Every structure is written in C-alpha cells, then in structure tokens.
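> Sequence and predicted structure below; questions after.
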Amino acid sequence: MLHIVINPETASGKGAKAWSRIRPLFDKYGCDYKLHISEKPGDIGRIINELTSFDTGRLSEREFTDIVIIGGDGSMNEAVNSICDFEHTRLGFIPAGSGNDLAKAILKTRDRDELVQRIVKRETVRSVDIGLMESGENRSLFNISSGIGFDARICHEANSIGLKKRLNKIGLGKLVYIFVAVKTILKNKTFFCQIEFDGNERLTYRRCLFAVGMNTAFEGGGFMFCPKASDEDGTLEFCIADGISALKFFLLFPLAYFGKHIYFKGINIKRAKSVRIRTKTPVWLHTDGEVAFKTDDVRLSVYPQKLKLLI
C-alpha cells in the first residue's frame, strides 16, 4: 500500500489543484494507494508519525512504509521531522509549493508522469543526508538548510507579511523573498560570532551578516549560497558572509542566484560534518525556511540516519 499525503493549502491552494492532475496518473498505473489529506497545521506530522509508528521487530529488511508527499518544502520538512523509523520508511515527493528548492536539488525530472512511474515501482532509488539543528531544548531536522542572520530574517519577514500569500495565488510567491531581501540588505544588521568546525577549528567573524549550513544547493526560491552542497557526501557546506557593506552585498546578492558570489572577498565557504555557532546577541534562526526563534548558540550537523527516497 502506497500512502499519499497531500497538503491542499500549500502555495495558496496549489496542492489541491496538483492532486486533481496527479490522481489520474496513479490510477493509470494501477497503483494501490491510500489518500491522507492535511486539514490543519500539524496534520502532516501527525499522519507521518502514525504511519511510521509500528513495531519494527515485525518487519524484515525488505519491508517498508512508502509515503508520497504532495506539497512544498515546508511539507517535506514536517514529514522528515515526524518519521519514527528511518530504516523502514521511504519517501516520494511531488512538488506543489512556491519555492520548490528541494525539488531542484533532489528530483531528476519535474515531469509528473515520470515521477509517478518511478514512485509506483516502490524501490529505494537513493539514500540522502539530513541536517540536524540543536539549540537549547530546540531540535529540528532539515532537508535543505539551516542558518542564522540575514537569510533567517528574510524567511521570518517573508512568512509574516500577507504579500507572500497574494503572490502565491498568481504563481509569483518566490518574488516576496527578493522584496524582503532588498529591504533587509539596506538595514545591514551584522553580529559578532564564533564558529567551531568539527570540534577543532574555531574562527571569529566580527561583522557577520549571515551563516548558513546547506545540505542541498538551493534555498530562498532558487538562490545558491552554497552551490556545491550535496546531500550525498556526509557533510554540510557553510556560507558565512562577514565584513561586507550594504552596498557591496546589494551588488553580490543577485550573483547568489547563480552561485557566483563565492568568488568575492567577505564570502567564506567551509565544509564540515558539524559546527557550533555562538553569537554575542540572539539572532534569527531558520530550518528549511521555517523560523521559530532567536538564538545565541546553535549546533548544525549531519544526522546519523539517512532518508530513503522513492524518486
């Protein structure tokens, strides 16, 4: 049995429209599936938790719970944070969000017919890394990225204003990130931080604009702050912007869409399995574009278990 989980409200109703087009494909290939619909915040997590909460002692190495998420990056983040047993769970993903950064990174094709054909085979195509964020009592997994400062502030403001919802309705939701980014650049709020890489190398950044650890290459609607980030190498790639004026970053920011910003002074790229970031004052923190709080101490690392994909 294939379990299909839909967030009908993702990207202001795109999820429901996507399912109306995708359902005939699953029916065409004679797939035996059960539909689960998210009706309120937290439903995706509850559904995934229930589907993967079972006695693993009854399962063989070849038995899996196969789940397909139809939604956006936020839906996949909620899903991965709710899996109880990674060893016996496999996920498929058909994007229907506004940013779709995860889709750019993990999908070999965006053609829905091809995606459905792959999913109904019920085979593990590959296993990928997941990131782990820990700050005090807060703990969250991430598929794409987690960071503090500039990009987290953008996510916070983009999710707070009504403009994003209105733009989603006309298919231009990612523009809100650019609008908020320009406003944030002009404020140019920096902070002092120390970052420890893999428990040994410690670097100080006195006018840090942001520090982000990326598991895949895209975030914020297609920006490549870490263009070489890979979810199959057992590490996170970090981009730290330090000592950059508002004017210089205003000029560099568009280059991040193509990953060309990394060649300029003030942009530092590092790779590590684990880092600890400590700041003098609390700053905004995000995981996969979801912002919950400010922190002055956070650890980002590669989660010990991998996510099995059907796509």
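Arrived safely, thanks for sending. Numbers count the residues shown, from 1 in each chain.
> so how far is Y33 from the residue nearest to E63 when sequence neighbours are not counted?
By the measure of C-beta to C-beta, 6 or more residues apart in numbering, the closest residue to E63 outside its immediate chain neighbours is H88, 6.4 Å from it. For glycine as for every other residue, the C-beta is placed from the backbone atoms N, C-alpha and C. Using C-beta to C-beta, to the nearest Å, one gets 18 Å for the distance from H88 to Y33.
> Of the two, which one has the most company?
H88 (19 against 16; other C-beta atoms under 10 Å).
> isn't that one right up against T65?
Yes: contact criterion C-beta atoms under 8 Å: H88 and T65 qualify, at 6.2 Å.
> Strand partners (parallel or antiparallel) of the strand or helix carrying C193?
Counting by DSSP states H and E, the element that carries C193 is strand 191-197. Strand 191-197 has the following sheet partners, assigned by DSSP bridges: strand 201-214 (antiparallel), strand 274-287 (antiparallel).
> out of those, nearest to R153?
The closest of those to R153 is strand 274-287. By C-beta to C-beta, the value is 4.8 Å.
> the helices in the stretch 101-250 of the chain, which residues?
Here the stretch 101-250 of the chain has its helices, by DSSP state H, counting those that start in this stretch, at 101-106, 112-120, 150-160, 163-169, 175-187, 246-252.
> worst average pLDDT in these?
Ranked by mean pLDDT, these bottom out at helix 163-169, with a mean of 51.
> Okay, now the unreliable bits of this protein?
In the predicted model, the chain carries pLDDT under 70 at residues 10-13, 54-62, 97-99, 155-188.
> Okay, domains of it per the record?
For the chain, automatic domain parsing gives the domain ranges 2-123, 132-304.
> Please report the distance of S127 from L255.
33 Å.
> again with R206
Separation of R206 from L255 (C-beta to C-beta): 24 Å.
> For the two, indicate the residue with more neighbours.
Between R206 and L255, counted using other C-beta under 10 Å, the more crowded position is L255 (16 against 12).
> Spatially, what comes nearest to the more buried one if we skip its sequence neighbours?
Using C-beta to C-beta, 6+ apart and skipping the chain neighbours, the partner closest in space to L255 is H261 (4.3 Å).
> Neighbours of the one you found, how many?
24.
> Would you mark the buried spots in the longest helix along the chain?
Identified as the longest helix of the chain according to DSSP state H is helix 14-28. By neighbour count with 16 or more other C-beta atoms under 10 Å, helix 14-28 contains the buried residues K14, G15, A18, W19, I22, R23, L25, F26.
> Likewise for stretch 125-136?
Under the neighbour-count criterion of 16+ other C-beta under 10 Å, stretch 125-136 has V125, V128, D129, I130, G131, L132, M133, S135 buried.
> Just give me how far that stretch sits from the chain centre.
Here stretch 125-136 is found 10 Å from its chain centre; the criterion is C-alpha atoms, centre = their mean, to the nearest Å.
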